[in-house]
Each structure stands twice: as structure tokens, then as C-alpha cells.
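Asker: Got a predicted model here, sequence first, then my questions.
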Amino acid sequence: MNDIPLSALFGALFVLILLSALFSGSETALMTLNRYRLRHLVDRGHIAATRADKLLKRPDRLIGLILLGNNFANILASSLTTIIALRLGGESAIAIGAGLLTFVILIFAEVAPKTLAALHPERLAFPAAIVYTPLLKICYPLVWIVNIIANGILKAAGITHDGESNNRLSPEELRAVVLETGAMIPQRHRKMLLSILDLEQSTVEDIMIPRNEVDGINLDDPLDEVVQQLQNAHYTRLPVYEGSIDNIIGTIHVRHAMHALIDGTLSIEIIKNICRAPYFIPQGAALNQQLLNFQRTKNRIGLVVDEYGDLLGLVTLEDLLEEIVGEFTTDPADTLPDVQPQEDGSFLVDGSANIKELVRNMNWELPTNGPKTLNGLIIEYLEDIPETGTSLLLAGYPLDIIQIKGNAVKTVRFYPQHRKKEITESS
């Protein structure tokens with residue numbers, strides 16, 4: 001070593017520090033790669049991305065290779081620093097050389113390259129993958145021995161290798177990814193994606209048309225009344241029943257009935273024959289599963305029943321799709337027919353108005369984890385059926401009961417502009 005000039009030793013030390021920086025930076029770059037973008041690039045045939053993906057499928061081997069190279073470079077650099085210190089200042093200079101080397105490695109071989117790699121992982125990871133692929137084959141025996149020992153220690157500690165577990169996203173994590181896309185995805189598309197994720201948290205009971213609002217054809221009515229009802233129908237498909245809405249025999253497409261009417265052959269028996277068998281849905285069916293069921297059974301309308309088989313309401317494919325894409329109509333009056341704005345800033349709201357629709361369209365902060373309608377929410381809050389003229393504070397909103405019909409709240413005056421937010425003070 002005494003015959004090697006100091007310039008050559010300093011040059012070798014510089015190369016070793018550079019290698020250490022490359023190993024450190026490439027490790028951070030490879031480990032911080034966006035795995036989903038990486039898979040996208042692999043699908044497009046990106047060569048460097050394909051190599052990086054293969055390396056990351058066995059991270060224990062990749063880390064073993066990188067650490068072997070990094071430690072070799074650092075230890076050899078430490079040895080050269082000791083030799084240089086002895087030749088320049090004797091044994092007293094060894095401590096100074098060790099301190100300087102620690103500072104240089106920390107700044108130039110650790111912090112700086114790893115920060116750069118974290119900011120621009122693909123710029124370092126893809127070139128490094130091209131180098132590491134053949135290097136892993138050359139050093140495989142040594143890497144294999146190191147991994148056998150390391151994995152044995154982990155196994156003894158109860159930790160097993162599972163390459164797929166870290167790549168799975170929960171619905172909450174996927175929601176966070178969508179929210180963080182910012183301007184990369186238009187707001188409307190982002191809202192649709194979030195609505196799809198929310199489908200599994202809602203049931204058909206949340207969006208169904210309640211039983212008392214279901215329009216249907218009663219075959220016990222005179223034929224001329226049935227014909228008039230078919231001609232004035234607001235929907236293309238209607239449930240058909242005999243006597244009571246609980247005795248449903250099927251659903252009819254109004255167009256098919258009109259064909260028979262034009263031909264002059266329409267009768268109660270014809271209506272029964274052209275009816276499609278009723279499709280029943282349990283009230284607890286999740287919306288995401290029901291969407292698949294509609295697609296599988298080729299149905300567009302379903303009758304929601306409870307555990308006793310009693311009819312609760314009706315849900316259509318259109319209702320379900322509106323949960324994803326929003327209301328199809330662009331007329332605000334059609335979007336919220338149950339809400340009528342008043343000159344004083346208040347709103348007249350029908351008691352049957354759906355709570356989720358009010359929250360979504362009016363931005364009112366009402367509880368959505370309880371009753372489905374405003375009437376149900378008021379009755380649950382009061383634990384009684386109120387009288388006309390009753391005033392209350394519901395979720396911070398003042399409201400007046402304007403009309404009671406039967407055993408339900410028919411009309412409510414809502415004062416959102418006078419909302420009183422509840423402030424809780426922690427003791």
C-alpha cells in the first residue's frame with residue numbers, strides 16, 4: 001500500500017463513495033416506486049419497468065444485493081481512509097479521518113442521494129434495474145446465503161414472506177388515492193368513483209320508492225280505469241297486483257300494453273299474460289351486489305321485501321345508477337320535488353323526502369345512519385307523532401310542523417339559514 005500514490009487512493013475513495021451513493025439512492029428509488037404506475041408501464045412493454053417489477057417481486061433478494069454492495073463500498077472506503085490518515089498524519093489522524101468519512105458518507109452517500117431518489121424514483125430506479133438484473137445473477141450464491149440466514153431469523157420471529165400483502169388496497173385506502181388525485185381526474189369523474197366505492201355501504205332500502213308512493217295496476221279495477229292509468233303512467237314499467245299491493249303478480253311494460261290496446265285486444269287476461277314475473281329483493285341487499293344482480297337477471301325493476309315477505313317499496317336500475325352518476329334530469333324542480341324554497345329563505349319540505357337526497361342536494365348536515373325519511377327522523381327525535389304547529393331543533397336546524405296527515409308528518413318548514421351548531425367543550 002505504501003507504493004500506491006495518494007492520488008490513486010483518493011481517487012479510489014471517491015469511486016467507493018460514489019458507489020455507496022448509487023446503492024443507497026437506488027434502494028430508496030426502487031422501494032418508493034408507485035407499484036400501480038409500475039404495473040401500467042409493464043403492461044405497455046416498458047423494458048426497464050419490467051426488470052424493476054421482476055426485482056421487486058423478491059424484495060429480500062434485491063435488498064440483500066444492494067446491502068452487500070453498499071456495505072462492501074463503505075467498509076472498503078473506511079479501510080482506505082485509515083491508510084490515507086496513517087500516511088498523512090500517523091495514528092493521531094485516524095480519528096479525524098473517521099469523522100470526516102462519516103460526515104461525507106452521511107451527506108453525499110446517504111441523505112442527498114436518498115432525497116433525490118424519493119423525489120424522482122423512476123429516474124434512478126429504472127437505470128439501476130438494468131444494472132441489478134445481471135449483477136443479481138452473478139452474485140446470486142452469496143445473496144442466497146445471506147437471504148437464507150436472514151429469512152431464517154425472520155421465520156423464527158414468526159414473520160413470513162408475503163409479496164402480495166403490501167400491494168392490496170382497502171376501500172378506505174382506495175378512496176384516499178382517488179381524493180389525492182387532484183386535477184389529474186376531473187371532479188365529476190372523481191365523484192363518480194367515490195360513489196361506486198360507497199355502493200357497498202348502502203342498501204336498496206336507502207334508495208327505494210316507499211310502499212305508499214308505489215304506482216301500480218290493480219286488476220280488480222274496471223278495465224277502463226286500468227287503460228286510463230296505463231295511458232297516464234309516468235313510468236315505463238309498473239307493478240301489477242290484484243286487490244292489495246301485497247298480492248303482486250308481476251310487472252308490466254307499458255309499451256306492451258299499448259300495443260294490445262291499439263290492436264283492440266287489451267283485457268285483464270292479456271295484461272296477466274304479458275306481465276313479467278315479479279323480482280323480489282331483500283331489504284338489506286347492498287347496492288353494489290344489487291347492480292350485479294340486475295345485470296345477471298336482466299331485470300330493471302325490483303320489489304323490496306322485509307324478512308316476513310311484506311312489500312316495503314320498489315327500486316329500479318335507474319335509481320341505482322343515479323347513485324353513481326347523479327340525477328339524470330337537469331331541472332332542479334324535478335331533482336328535488338319535495339323541497340320548495342320560500343321568499344323568507346326557508347323551505348317547505350315534504351315529510352317523505354329522503355334524508356340522503358337532502359344531504360346530497362341541499363348540503364344540509366342531517367344524520368344519515370338512522371331513519372331514511374324526514375318524517376322518520378322527526379318521529380325518532382320526538383319519540384312521538386307531533387301535532388301541527390310543533391316547533392323543534394333537529395340537528396341544529398329549526399323547523400316547524402306545518403301539516404300532519406294520518407300518522408305521519410306531511411309538510412315541514414325548514415330554516416337552514418338559522419342553524420345553530422352544537423359546540424361541545426371538552427372538560
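Answerer: Perfect, I can see it now.
Asker: Which phi and psi values does residue 386 adopt?
Answerer: Residue 386 adopts backbone torsions of phi -70, psi 170, taken as degrees, to the nearest 10.
Asker: cool, residue 378 as well?
Answerer: Per degrees, to the nearest 10, the backbone of residue 378 is at phi -70, psi -50.
Asker: and it, what is it in contact with?
Answerer: Counting by Cβ atoms under 8 Å, 6 or more residues apart in numbering, residue 378 makes contact with 351, 386, 392, 394, 399, 401, 409, 412. Heads up, the C-betas are built off the backbone N, CA and C, glycines and all.
Asker: just residue 112 next, same as before
Answerer: residue 21 are the contacts of residue 112 under Cβ under 8 Å, 6+ apart.
Asker: ok, it to residue 337 distance?
Answerer: According to Cβ to Cβ, to the nearest Å, residue 112 and residue 337 sit 64 Å apart.
Asker: roughly how far is the helix or strand harbouring residue 149 from the heart of the chain?
Answerer: Per DSSP states H and E, residue 149 falls inside helix 140-156. With Cα atoms, centre = their mean, to the nearest Å as the basis, helix 140-156 stands 38 Å off its chain's centre.
Asker: And the helices in the stretch 51-200 of the chain?
Answerer: Taking DSSP state H, counting those that start in this stretch, the helices of the stretch 51-200 of the chain run over residues 59-89, 94-104, 112-119, 121-138, 140-156, 171-179, 187-198.
Asker: An error on my part: the question was meant for the stretch 301-427 of the chain.
Answerer: Using DSSP H, counting those that start in this stretch, helices in the stretch 301-427 of the chain cover 317-325, 332-335, 355-362, 374-382.
Asker: Scan the chain for its longest strand.
Answerer: With secondary structure taken from DSSP state E, the chain has its longest strand at strand 397-405.
Asker: who does it pair up with?
Answerer: Strand pairing for strand 397-405, using DSSP bridges, gives strand 391-394 (antiparallel), strand 408-414 (antiparallel).
Asker: Format the ones you listed as a markdown table; extra columns: mean neighbour count, distance to residue 3 and mean pLDDT.
Answerer: Shown next, in a markdown table, are the strands paired with strand 397-405 (neighbours: other Cβ atoms under 10 Å; distance: least, Cβ to Cβ, whole Å; pLDDT from 0 to 100):
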| stretch | mean neighbour count | distance to residue 3 | mean pLDDT |
| --- | --- | --- | --- |
| strand 391-394 | 14 | 92 | 90 |
| strand 408-414 | 21 | 94 | 91 |
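Asker: Figure out which of these is closest to residue 254.
Answerer: strand 408-414 (29.5 Å; Cβ to Cβ).
Asker: who touches the closest one?
Answerer: So strand 408-414 is in contact with 342, 346-352, 364, 374-375, 378-379, 385-386, 397, 399-404, going by Cβ under 8 Å, 6+ apart.
Asker: which stretches of the stretch 251-400 of the chain have low pLDDT?
Answerer: By pLDDT under 70, the weakly predicted segments of the stretch 251-400 of the chain are 327-336.
Asker: can you give me the strands for it?
Answerer: Assigned by DSSP state E, counting those that start in this stretch, the stretch 251-400 of the chain shows strands spanning 280-282, 301-305, 311-316, 339-341, 347-350, 391-394, 397-405.
Asker: Any chance of the ones you listed in TSV with distance to residue 5 as columns?
Answerer: Below are the strands of the stretch 251-400 of the chain laid out as TSV (distance: least, Cβ to Cβ, whole Å):
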stretch	distance to residue 5
strand 280-282	86
strand 301-305	87
strand 311-316	86
strand 339-341	88
strand 347-350	89
strand 391-394	88
strand 397-405	86
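Asker: show me the contacts for residue 358.
Answerer: 339, 349, 364, 366, 374 are the contacts of residue 358 under Cβ under 8 Å, 6+ apart.
Asker: residues near the second one, how many?
Answerer: Taking other Cβ atoms under 10 Å as the criterion, the count of residues near residue 349 is 23.
Asker: Distance of the residue most central in space within the chain relative to residue 371?
Answerer: In the chain, the C-alpha nearest the mean C-alpha coordinate belongs to residue 175, at 3.3 Å (Cα atoms, centre = their mean). Distance from residue 175 to residue 371, counting by Cβ to Cβ: 26 Å.
Asker: Equivalent analysis for residue 254, please.
Answerer: 33 Å.
Asker: re earlier: need the contacts of residue 378 in CSV (columns: distance to residue 304).
Answerer: Below are the contacts of residue 378 laid out as CSV (distance: Cβ to Cβ, whole Å):
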residue, distance to residue 304
351, 20
386, 28
392, 30
394, 27
399, 29
401, 28
409, 22
412, 25
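Asker: Can you pick out the most distant pair from these?
Answerer: The farthest-apart pair in those, when distances are taken by Cβ to Cβ, is 351 and 392, at 13.4 Å.
Asker: Can you spell out the domain ranges of this structure, please?
Answerer: 6-164, 200-325, 332-418 (automatic domain parsing).
Asker: What average pLDDT does the longest one get?
Answerer: Spelled out, it's domain 6-164. Mean pLDDT, computed over domain 6-164, is 87.
Asker: quick one: that domain to chain centroid distance?
Answerer: Relative to the centre of its chain, domain 6-164 is centred 36 Å away, using Cα atoms, centre = their mean.
Asker: hang on, the earlier thing: what sits up against the longest strand of the chain?
Answerer: Contacts for strand 397-405 (Cβ under 8 Å, 6+ apart): 348, 364, 366, 378, 385-393, 409-416, 418-420.
Asker: Could you export the strands paired with strand 397-405 to CSV, including columns for distance to residue 218?
Answerer: Shown next, in CSV, are those (distance: least, Cβ to Cβ, whole Å):
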stretch, distance to residue 218
strand 391-394, 37
strand 408-414, 23
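Asker: can you list the helices of the stretch 51-200 of the chain in JSON lines and add distance to residue 271?
Answerer: Compiled in JSON lines, the helices of the stretch 51-200 of the chain are given as follows (distance: least, Cβ to Cβ, whole Å):
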{"stretch": "helix 59-89", "distance to residue 271": "67"}
{"stretch": "helix 94-104", "distance to residue 271": "90"}
{"stretch": "helix 112-119", "distance to residue 271": "70"}
{"stretch": "helix 121-138", "distance to residue 271": "65"}
{"stretch": "helix 140-156", "distance to residue 271": "71"}
{"stretch": "helix 171-179", "distance to residue 271": "45"}
{"stretch": "helix 187-198", "distance to residue 271": "37"}
